[in-house]
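K.L.:
structure of the sequence below:
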Amino acid sequence: MPLDNTSPNMPPPSETLFYIDDDLVERLMRGDSADPNSKVASAAKRVASAGAVATAIKLAAAGRLDEAIQELEAASQRGENPAEIQGALGNLYFEQQKWEEAGRCYGKAAETDPKQIAPHYNLGLCWERLARFEEAAKEFEWAASLDQNRWQAHLGRGLCLLHLDRPEEALPCLESALKAGSDQDRAWFGKAVALHRLGKLDQAAELYRKLLPANSSSVELLSNLIALSAARKEDAKVKEYAERLLKFRPQARAALEGLSTVALARSDYSAAAQYCSQLVKVAADSYEGWFNLGAAYQKTGRLEQSANAYREAVRVRPDAPEAHANLGAVLQERGDLPGARNAHQRALAAAPDLTGALWNLGLLAEREGHAEEAESCFAKVVAAKPDWEDAAFRLGFLQLQRGEFAGAVDSFELCLKKRKDWLEALLNLGLACWKFEDLDTATETFNRVLALQPPNQDALRALTAIAIERKDHQRARELYRKLAALGAPPAELSYNLGLVLQAAGEQESAAESYRAALAAKPGLSEASLNLGHALKAMGQEDEARQAWSQAVAAEPELAGKYFN
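P.N.:
Next comes the predicted model:
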C-alpha cells in the first residue's frame, strides 16, 4: 500500500490574525489636550501659585525634560498640590515613554481626586502601552463613566477589550465612541475588527471596504481584508488585497500568508512553495509557513526540502502532531525507517488518535515484520474511521494471517460497504468465511467475484475446493473443467478432486484427475498410489501395477498402503 503522503495532514485552521493599528491608541489625546506642553500649561493655570510647575514648564519648553521632572519630583516630596504635580509629572514621563513612571504618577493623581477624568484616562493609556489591557480597560471605563461623551475613553476601552479577545464586550464600547465622537475612522475600524472576530463577516467586510478608499495604504486594514476574504473563501479577493499590500510592503506577512493559502487551495504547489519560502524568511517563527512549505514540497516530490521544512515546523511548535506525522510520512517514503518511526511516535504522543500517523506506523511495522503492532495500529484507525477501506483491508489481512477469521470477516465487510466491487476484498472475505466454516457465505462471495470477473482463477479454485469439501463431485468437476481451460490447475486440487470422484465410483474421471495432479507435480506419490487403485478398478491391472511401482519407488513407506 502507498504511504499516506498524497494528502498531507494539515493542521487545524489557525486563529485568524487580526491587526489593530498600533498607532491608533498612540494618537488618542491624553487628558484635555493632545499637546503635553498645553497640558502642563493648563495645570499651571490651575495652580498659578505653584512655582515648581511654572519652572517645570519653562524647562520642558526648552527641551530639558529631566530637569523639569526633577523640579516636580522635589515639589511632590514637599507635598505641594499633589493632584496637579502628579498629573504634570505623569505627562513629562509619558513624553519620555516611561510608561511605568507615568502610570505611577497618574495613579496618585487619580487617588487624590477620583472624579477627575484626565488621570484615569491617561493611566489607561499607560497600561495600554505596557500591554496591561485588563487594567487599561478599567481605567478607560472609569473615565467614560465620569463623562459619557468622552469618545476617546469608549474607544480606548473597546480596543483594549479587542486585545483581550472579548469582541462581544468591545462592540458596545466602539458604538458608544461612534455616537459620542467625531473620529469616525478609528472607531469604524475597531467596530469592523469586533464584527470580524464575532464571525459577522459580511458586516465586517462592508465596513472594511468603506474605510479602504481613504486608507488605501493601511497595512492593518488590508491585512484584515485578506484574513476575512480567506475565511469567506474568496480567493480572488485574497489575491487582490495581498497584491495591493505587497506593492508598498513587499515582505508583508499577511500578504504572503494569503497568497500561499490561495495557492494551496488551488493545488498550485509550486506557487505555494514560492510564497511560503518568502514567508519564512520574514517570519521564521511562522509554524503555518513552515508546515505549508513542507506540504508544498511534499506534493511536488521535493522530499528532502519537505523534511527540512517539517523539521522547522516542529522546532517552532514541538508538540504539533500534524508536523511530526507529515515528517514521518516523508522520511518513510525516503526509506529512513528509524527516523520515520520516531516522528510517528512523537506525533502519537501528542495526539494518540491521529489516524494518519497510526496508518503510516502500521505500514512501517508491517514492513518490519511486527505484525502485532501493525494490527493494533490499523485497528485504531478503523475504530476512528470505519470508512477508511485501506486500513480495514490491512487489518483484515493481518487477522486472516493469524487465524482470527471472525474478525477478518468483519474487516473485509467494512471494505466492501462503499466499494462493493473490490475484487481483492471479496476474495479475502470469501477466504475468511471459508476458514470460518461458513461455506454458504464463502460460496456466495466467490460467485460475486466471478460475476465481476468470470475468468478469475482464485475464485474458481476456491469454489472447486469448497465443492470437493462438500463432496459435490458434479459441481466440483464442472468448476474444475472451467479452471483447467484457463491453465493447469494446482496439483493438490486435482488430487482432491480425484479422491471425491473415486469415492463416487467415477473411476475413469478420478484417474484423469490423478494424472493431472502428477503432471503438475510428478513426485506426488499419493496420486500415483490412488491412480493405481482407480486403474485396477477399471480392469487395467498392468497399468495399475506400474503406477503402484512408481509410488513405492518414490516413497517406500507407501508399500503398506499398496498391500492394503
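K.L.:
for the rest of this, base every contact and every neighbour count on C-alpha atoms.
P.N.:
Fine.
K.L.:
strands of the protein, start to end?
P.N.:
In the chain, no strands are defined using DSSP state E.
K.L.:
give me the below-cutoff pLDDT ranges for it.
P.N.:
Scanning the chain with the threshold set as pLDDT under 70 gives 1-50, 181-183, 558-564.
K.L.:
and the gap between the closest residue to L354 other than its chain neighbours and E389?
P.N.:
Of all residues not flanking L354 in the chain, L348 sits nearest, at 6.4 Å (Cα to Cα, 6 or more residues apart in numbering). Distance, L348 to E389, using Cα to Cα, to the nearest Å: 21 Å.
K.L.:
what does P490 give?
P.N.:
Distance from P490 to E389, by Cα to Cα: 32 Å.
K.L.:
neighbour-wise, which of those two wins?
P.N.:
Between P490 and E389, counted using other Cα atoms under 10 Å, the more crowded position is E389 (21 against 16).
K.L.:
ok, that one - contacts?
P.N.:
With contact taken as Cα atoms under 8 Å, 6 or more residues apart in numbering, E389 is in contact with L414, C415, L416.
K.L.:
returning to what we had before: can you get me a residue count around the residue nearest to L354?
P.N.:
Per other Cα under 10 Å, the neighbour tally for L348 reads 21.
K.L.:
what of G487?
P.N.:
For G487, the neighbour count with other Cα under 10 Å is 10.
K.L.:
and it, how far is that from S513?
P.N.:
Noted for G487: a distance of 14 Å to S513, by Cα to Cα.
K.L.:
what's the answer for E80, then?
P.N.:
E80 is 123 Å from S513, by Cα to Cα.
K.L.:
these two: which is more packed in?
P.N.:
Taking other Cα under 10 Å, E80 and S513 do not tie; S513 has more neighbours (27 against 18).
K.L.:
list the contacts of that one.
P.N.:
If a contact means Cα under 8 Å, 6+ apart, then S513 has S494, Y495, L497, G498 as its contacts.
K.L.:
and stretch 519-529, which residues are buried?
P.N.:
Buried residues in stretch 519-529, defined by neighbour count with 16 or more other Cα atoms under 10 Å: A519, A520, L524, S525, E526, A527, S528, L529.
K.L.:
try stretch 132-152
P.N.:
Applying a neighbour-count criterion of 16+ other Cα under 10 Å, one finds 132-144, 146, 150-152 buried in stretch 132-152.
K.L.:
and what of stretch 326-335?
P.N.:
N326, L327, G328, A329, V330, L331, Q332, E333.
K.L.:
so the third one sits against P338, correct?
P.N.:
No - shown here, G328 and P338 do not form a contact pair, counting by Cα atoms under 8 Å, at 9.5 Å.
K.L.:
shared neighbours, those two?
P.N.:
Common neighbours of G328 and P338 are not found (criterion: Cα under 8 Å, 6+ apart).
K.L.:
give me the number of neighbouring residues for E557.
P.N.:
11.
K.L.:
ok, it to S270 distance?
P.N.:
From E557 over to S270 the distance is 72 Å, taken as Cα to Cα.
K.L.:
and G487, by the same measure?
P.N.:
51 Å.
K.L.:
ok, the residue nearest to T300 when sequence neighbours are not counted - contacts?
P.N.:
Of all residues not flanking T300 in the chain, Y269 sits nearest, at 6.7 Å (Cα to Cα, 6+ apart). Y269 is in contact with A263, A296, Y297, K299, T300, counting by Cα under 8 Å, 6+ apart.
K.L.:
7 Å instead, please
P.N.:
By Cα atoms under 7 Å, 6 or more residues apart in numbering, the contact set of Y269 is A263, A296, K299, T300.
K.L.:
same question for Q116.
P.N.:
Counting by Cα under 7 Å, 6+ apart, Q116 touches A110.
K.L.:
got it, and A143?
P.N.:
By Cα under 7 Å, 6+ apart, A143 lies in contact with I117, H120, Y121, A153.
K.L.:
same deal with N149?
P.N.:
By Cα under 7 Å, 6+ apart, N149 lies in contact with A180.
K.L.:
likewise S217?
P.N.:
S217 touches nothing, counting by Cα under 7 Å, 6+ apart.
K.L.:
from L246, how far off is it?
P.N.:
Using Cα to Cα, S217 is found at 10 Å from L246.
K.L.:
what's the spacing between P522 and E543?
P.N.:
Distance of P522 to E543, given as Cα to Cα: 17 Å.
K.L.:
actually, A554.
P.N.:
Using Cα to Cα, A554 is found at 17 Å from E543.
K.L.:
buried set for stretch 433-443?
P.N.:
C433, W434, K435, F436, L439, T441, A442, T443.
K.L.:
among those, which ones are in helices?
P.N.:
In this view, the buried residues of stretch 433-443 that belong to helices under DSSP state H are C433, W434, K435, L439, T441, A442, T443.
K.L.:
closest one to W290 out of those, please.
P.N.:
Comparing those against W290 with Cα to Cα picks out C433 as the nearest, at 48.9 Å.
K.L.:
for that closest one, list the residues it contacts.
P.N.:
V409, L439, T441, A442.
K.L.:
all helices of the stretch 351-500 of the chain, in order?
P.N.:
Along the stretch 351-500 of the chain, counting by DSSP state H, counting those that start in this stretch, helices occupy 355-367, 371-384, 389-401, 405-415, 423-435, 439-452, 457-469, 473-485, 491-503.
K.L.:
let me fix that: the stretch 51-200 of the chain
P.N.:
With DSSP H, counting those that start in this stretch as the criterion, the stretch 51-200 of the chain has helices at 51-61, 65-77, 82-95, 99-112, 117-129, 133-146, 151-163, 167-180, 184-197.
K.L.:
Q502 is nearest to which of these?
P.N.:
Per Cα to Cα, nearest to Q502 of these: helix 184-197, 83.5 Å.
K.L.:
what about the buried residues of stretch 519-529, which are in helices?
P.N.:
Among these, the members falling in helices (DSSP H) are A519, A520, S525, E526, A527, S528, L529.
K.L.:
between those residues, which is nearest A194?
P.N.:
Ranked by distance to A194 (Cα to Cα), these are led by A520 at 81.1 Å.
K.L.:
what's the distance between the closest one and S223?
P.N.:
The gap separating A520 from S223 is 76 Å, by Cα to Cα.
K.L.:
the residue nearest to L354 contacts T355, correct?
P.N.:
No - taking contacts as Cα atoms under 7 Å, L348 lies outside contact range of T355: 9.1 Å.
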